[in-house]
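**Q** sharing a model prediction with you, sequence too.
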Amino acid sequence: MESRSSQATNVIRFPGARSSANSRRDQKSLMDAVYAAGSLPIAADDRATKDMATRLNIFGFVVIDEVQTDGTARRLRPSEAFQSANQHPWRVSKPSGCYRVDDAWPETDQDLFAALLA
C-alpha cells in the first residue's frame, strides 16, 4: 500500500509569488464603489480602470461621461468608450434607470429602442 505523498504528481509550482489581481473581483469592486458613491472620477491615464469601466458600461451597469478640458461632461456610448484615448478623465456613474433613451444619441441608435418607447 502506497501513501499519497510518495506518488508522482503532474503539478509544477512556478517560483515566485502569485498575483493577487483578479479581474472579476476588481470589476465588482469598481461597480460597488460607483454604486456606493453615486459617481467615481477616473484619471485620464488610468487605462486599467477605464477598461474595467468600459466592460461594465457595455453590459449597462454603469454610464461613462468624458470630462472635457472646459469642465463639461459628454456621455460616451459603449463603442466610444471602447475606442476612447487617454486624453480626458472620465466620470463613471450608476445608470439612472433600466431603460433610458438619450435625446443626444443619433437617430439610428434611437431606432434600436423603439419597442421600449411604445
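**A** The structure has been received and is ready for your questions.
**Q** quick one: contacts for the residue nearest to residue 58 when sequence neighbours are not counted?
**A** If the residues on either side of it in the chain are set aside, residue 58 comes closest to residue 78, at 4.6 Å by CB to CB, 6 or more residues apart in numbering. Every C-beta, even on glycine, is put in place using the N, C-alpha and C of the backbone. Going by CB atoms under 8 Å, 6 or more residues apart in numbering, residue 78 touches 54, 57-58.
**Q** for the closest residue to residue 54 other than its chain neighbours, grab the count of nearby residues.
**A** Nearest residue to residue 54, sequence neighbours excluded (CB to CB, 6+ apart): residue 81, at 4.6 Å. Residue 81 has 24 neighbours, counted by other CB atoms under 10 Å.
**Q** same check, this time on the one 5 residues further on
**A** By other CB under 10 Å, 11 other residues sit near residue 86.
**Q** same deal with residue 49?
**A** Here the number of neighbours of residue 49 (other CB under 10 Å) works out to 15.
**Q** just to check, it is in contact with residue 31?
**A** No - the criterion here is CB atoms under 8 Å, and residue 49 misses it with residue 31 at 11.8 Å.
**Q** now do the residue nearest to residue 94 when sequence neighbours are not counted, the pLDDT please.
**A** Leaving aside its sequence neighbours, residue 94 sits nearest to residue 35 (CB to CB, 6+ apart; 5.2 Å). pLDDT, residue 35: 91.
**Q** ok, residue 35 to residue 75 distance?
**A** Going from residue 35 to residue 75 by CB to CB, to the nearest Å gives 18 Å.
**Q** identify the residues contacting stretch 35-44?
**A** With contacts defined as CB under 8 Å, 6+ apart, stretch 35-44 is touched by 30, 33-34, 49-50, 53, 67, 86-94.
**Q** how long is that stretch from one end to the other?
**A** Terminal residues of stretch 35-44 are spaced 21 Å apart (CA to CA, to the nearest Å).
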